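J.: structure of the sequence below:
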Amino acid sequence: MRGRSGTASLVASPVLVGAVTVLIAMIAVFISYNANKGLPFVPTYDLKAELPSGAKLVKGNEIRSGGFRVGVVQSITPKAITTSGDQTKAVALVTLKLDKTVEPLGKDSKLRVRPLSALGLKYVELTPGKSKSTYTAGDTMPLKAASQPLDFEDLYGTFDRGTRPKVRAATEGFGDAFAGRGQSLNGAIHALNPFFKHLTPVMTNLAAKDTHLEEFFKQLGRASAQSAPVARTQAVLFTNMADTFAAISSDPAALQQTIEKSPPTEDVAIRSFRVQQPFLADFTDLSRRLRPAAAELPSALPKLNSAFKVGIPVLPRTVKLNERFGDVFDQLDDLMENPNTLLTLKDLRTALRVTRPAIEYIAPYQTVCNYPIYFLLGLGEHQSLVSPDGSGTVQNQGLKFVNQQQPNNYGTLNSSRNVDVKQGQKARGAKDAKGDPLHRLQAPLYSPAIDSQGNADCQRGQEGYLNGARASGARYGPGTLPNGDPSGGNAPNTDDNYPILSGGTFKTRQLGIKNLRDVP
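T.: Numbers count the residues shown, from 1 in each chain. Have a look, this model is predicted:
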């Protein structure tokens, strides 16, 4: 009974109850006030991090990982760091008060400041890494571990006072366009289902590491930087495009018909593409084969340009040439239509067949022994001798005609010495009493060019001039011809075909011609 009365008296005391209530309320307010700084007497995992900027962070902002709160921002202070280019840069040094549940963090962990709401509240997003090397309490996460996202303020800042009304008008127009079209939107979404099925492998390839999609955005940024100097020109382009679209929208009926006819046109294009597929495959193969030629273009283009430079002025002149050729081709047509042409060609064939043996016989004399050239060269020199009156025909008029009475004449097959060379006189360098050179023709009349096997047997011009009698110091002594005439050792012409192969002439030996087969 006494214990019950003590408890009842404690509860019954209004002052004591009020004091306890006030104490509990003060403890609750204290705990809730310091909740953003972490609960008291709870161990934490404290780190520091360098951020590109404060990004409107304030003390007490949450730190989240995977959407869950894992800590708070304890403090934010400025810090100056030195970059790789020896330049000083200001960053924000943030003290992170983390729960023990995330300890330890790998050194490949990432930080990013993100908006918590559209009103400007921020939080720090923590992405834990997988590195075996970790941060200990008190370490500082470097600047490379943090990134700075685009804020809504930056996005909204692109809409200036003149753009905002137009954005509102565009939004209103899109709203009116979609109003009352729920069934059509549902049909469009249903029709997009196959598209997304085919889009999935495409996006998988794009997301693959080997695709290097990040390079695309880097290059896109560089392209944007390069196009920045021509931004005004592009603005004028868009202005002109606005005028074009205004002209298109001025005729809604025509625009409606165009939209209505677009699906059938696309169907026709799809069927056409199926037909074009073999052509495109062949064109792809052709392009692949043309790659070596395209690789040669850089070195060939200068020569081609030079050819074009020369050819372009000449090309207009080819018109008149072609007109003149027109008459030639007309004459050629008349010639081909003339029945005598065929007869002529037949006669020409007969003539070639008849003359072929003669050509085959005469050809070695030129191709192997070069006889006509030697003959024409001597003939020219012979006829070029100047007569006393300057007419140049003295040799033509003074030739001794062939007769059988004059000894050693041109018509004899066997002669004891050269024409006009006296008996016992050396043929080489022979001169008359006045000191003029004597005629020294020395050659068989019918000398051969080849033997029966086609070997070179060029005797004309290779006989030389044998010296005279032994008394003059010559090697050969006097002799007699078969007819009994004394030869005197003066290069007698006794036979039209020597029993040995004389070989080729000087020129043909230089060309390496030893047989008719060697003639190119």
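J.: which SSE is the spatially closest residue to residue 178 that is not a sequence neighbour in?
T.: Closest residue in space to residue 178, ignoring its immediate chain neighbours: residue 185 at 6.9 Å, by Cβ to Cβ, 6 or more residues apart in numbering. Using the backbone N, CA and C atoms, a C-beta is placed for each residue, glycine as well. Using DSSP states H and E, residue 185 falls within helix 182-207.
J.: next helix or strand past that helix?
T.: Scanning forward in sequence from helix 182-207 by DSSP H and E, the next helix or strand is helix 213-227.
J.: quick check: mean pLDDT of the helix or strand following that next one?
T.: The first helix or strand that comes after helix 213-227 along the chain, using DSSP H and E, is helix 231-249. Averaged across helix 231-249, pLDDT comes to 87.
J.: residues touching helix 231-249, excluding its own?
T.: Residues outside helix 231-249 that contact it (Cβ atoms under 8 Å, 6 or more residues apart in numbering): 227, 255.
J.: what angle sits between it and helix 213-227?
T.: Going by axes from the mean of the first three to the mean of the last three Cα atoms, to 10 degrees, helix 231-249 is angled at 100 degrees with respect to helix 213-227.
J.: convert the C-alpha atoms of stretch 510-520 to PDB, please.
T.: C-alpha atoms of stretch 510-520 as PDB (Å, rounded to 0.1, in the frame of the first residue of the first chain):
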ATOM      1  CA  GLN A 510      76.500  -4.400-132.600                       C
ATOM      2  CA  LEU A 511      72.800  -5.300-132.400                       C
ATOM      3  CA  GLY A 512      73.700  -9.000-131.600                       C
ATOM      4  CA  ILE A 513      72.100 -10.400-134.800                       C
ATOM      5  CA  LYS A 514      73.800 -13.700-135.700                       C
ATOM      6  CA  ASN A 515      70.800 -15.400-137.200                       C
ATOM      7  CA  LEU A 516      67.500 -14.500-138.900                       C
ATOM      8  CA  ARG A 517      65.800 -15.600-135.700                       C
ATOM      9  CA  ASP A 518      67.600 -12.800-133.800                       C
ATOM     10  CA  VAL A 519      65.800 -10.100-135.900                       C
ATOM     11  CA  PRO A 520      63.400  -8.300-133.600                       C
END
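J.: buried sites along it?
T.: Buried residues in stretch 510-520, defined by neighbour count with 16 or more other Cβ atoms under 10 Å: 513, 514, 516.
J.: out of these, who's nearest residue 110?
T.: Closest approach between the buried residues of stretch 510-520 and residue 110, by Cβ to Cβ: residue 513, at 87.7 Å.
J.: circling back: any idea how far residue 176 is from the residue nearest to residue 178?
T.: Going from residue 185 to residue 176 by Cβ to Cβ, to the nearest Å gives 14 Å.
J.: repeat that for residue 436.
T.: Distance from residue 436 to residue 176, by Cβ to Cβ: 124 Å.
J.: now swap in residue 295 and tell me
T.: 56 Å.
J.: one more: residue 257?
T.: Shown here: residue 257 relative to residue 176, a distance of 21 Å by Cβ to Cβ.
J.: excluding chain neighbours, what is closest to residue 509?
T.: Nearest residue to residue 509 in three dimensions, chain neighbours excluded: residue 503, at 7.0 Å (Cβ to Cβ, 6+ apart).
J.: beta partners of the one you found?
T.: In this entry, residue 503 is beta-bridged to residue 457, by DSSP bridges.
J.: quick check, it in contact with residue 456.
T.: Yes - at 5.3 Å, residue 503 and residue 456 qualify as touching, with contact defined as Cβ atoms under 8 Å.
J.: tell me, what's touching the two both at once?
T.: Overlap of the contact sets of residue 503 and residue 456 (by Cβ under 8 Å, 6+ apart) consists of residue 514.
J.: settle it for me: which of these two has more neighbours?
T.: Between residue 503 and residue 456, counting by other Cβ atoms under 10 Å, residue 456 is the more crowded of the two (23 against 16).
J.: just give me the neighbour total for residue 300.
T.: By the measure other Cβ under 10 Å, the count of residues near residue 300 is 11.
J.: and it, which helix or strand is it part of?
T.: Per DSSP H and E, residue 300 falls inside helix 252-314.
J.: what angle sits between the following helix or strand past that helix and helix 252-314?
T.: Once the chain leaves helix 252-314, the next helix or strand it forms, by DSSP H and E, is helix 317-337. Here the directions of helix 317-337 and helix 252-314 differ by 80 degrees (the same axes, to 10 degrees).
J.: using PDB, write out every CA atom in helix 317-337.
T.: Coordinates of each C-alpha in helix 317-337 appear next as PDB, following Å, rounded to 0.1, in the frame of the first residue of the first chain:
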ATOM      1  CA  ARG A 317      39.500  22.600-131.100                       C
ATOM      2  CA  THR A 318      38.500  18.900-131.300                       C
ATOM      3  CA  VAL A 319      35.000  20.000-132.400                       C
ATOM      4  CA  LYS A 320      36.300  21.200-135.800                       C
ATOM      5  CA  LEU A 321      38.600  18.100-136.000                       C
ATOM      6  CA  ASN A 322      35.600  15.900-135.400                       C
ATOM      7  CA  GLU A 323      33.700  17.800-138.100                       C
ATOM      8  CA  ARG A 324      36.500  17.200-140.500                       C
ATOM      9  CA  PHE A 325      36.700  13.600-139.500                       C
ATOM     10  CA  GLY A 326      33.000  13.400-140.400                       C
ATOM     11  CA  ASP A 327      33.900  13.900-144.100                       C
ATOM     12  CA  VAL A 328      36.600  11.300-143.700                       C
ATOM     13  CA  PHE A 329      34.200   8.800-142.300                       C
ATOM     14  CA  ASP A 330      31.700   9.600-145.100                       C
ATOM     15  CA  GLN A 331      34.300   8.900-147.600                       C
ATOM     16  CA  LEU A 332      35.200   5.700-145.800                       C
ATOM     17  CA  ASP A 333      31.600   4.600-145.900                       C
ATOM     18  CA  ASP A 334      31.500   5.300-149.600                       C
ATOM     19  CA  LEU A 335      34.700   3.300-150.000                       C
ATOM     20  CA  MET A 336      33.300   0.300-148.000                       C
ATOM     21  CA  GLU A 337      30.000   0.400-150.000                       C
END
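J.: for it, buried residues please.
T.: Under 16+ other Cβ under 10 Å, helix 317-337 has no buried positions.
J.: average pLDDT for it, rounded please.
T.: Helix 317-337 comes out at a mean pLDDT of 87.
J.: distance between the ends of stretch 44-62?
T.: This stretch, stretch 44-62, spans 14 Å end to end (Cα to Cα, to the nearest Å).
J.: actually stretch 436-451, not the one I typed
T.: One end of stretch 436-451 sits 39 Å from the other (Cα to Cα).
J.: and what of stretch 154-165?
T.: So stretch 154-165: terminal residues 18 Å apart, Cα to Cα.
J.: wait, is residue 129 part of a helix?
T.: No - when DSSP: H, G, I helix; E, B strand; the rest coil is applied, residue 129 is found to be coil, with no helix at that position.
J.: what's the local residue count around it?
T.: Residues lying near residue 129 (other Cβ under 10 Å) number 15.
J.: in contact with it, which residues are there?
T.: The contact partners of residue 129, taken as Cβ under 8 Å, 6+ apart, are 105, 106, 107, 108, 109, 110.
J.: wait, doesn't the residue nearest to residue 178 sit right on residue 191?
T.: No - the criterion here is Cβ under 8 Å, and residue 185 misses it with residue 191 at 10.6 Å.
J.: on the three-state scheme, residue 60 is what?
T.: State at residue 60, reduced to three classes by three-state DSSP: coil.
J.: what backbone torsions are found at it?
T.: Residue 60 adopts backbone torsions of phi 100, psi -10, taken as degrees, to the nearest 10.
J.: nice, that's everything, thank you.
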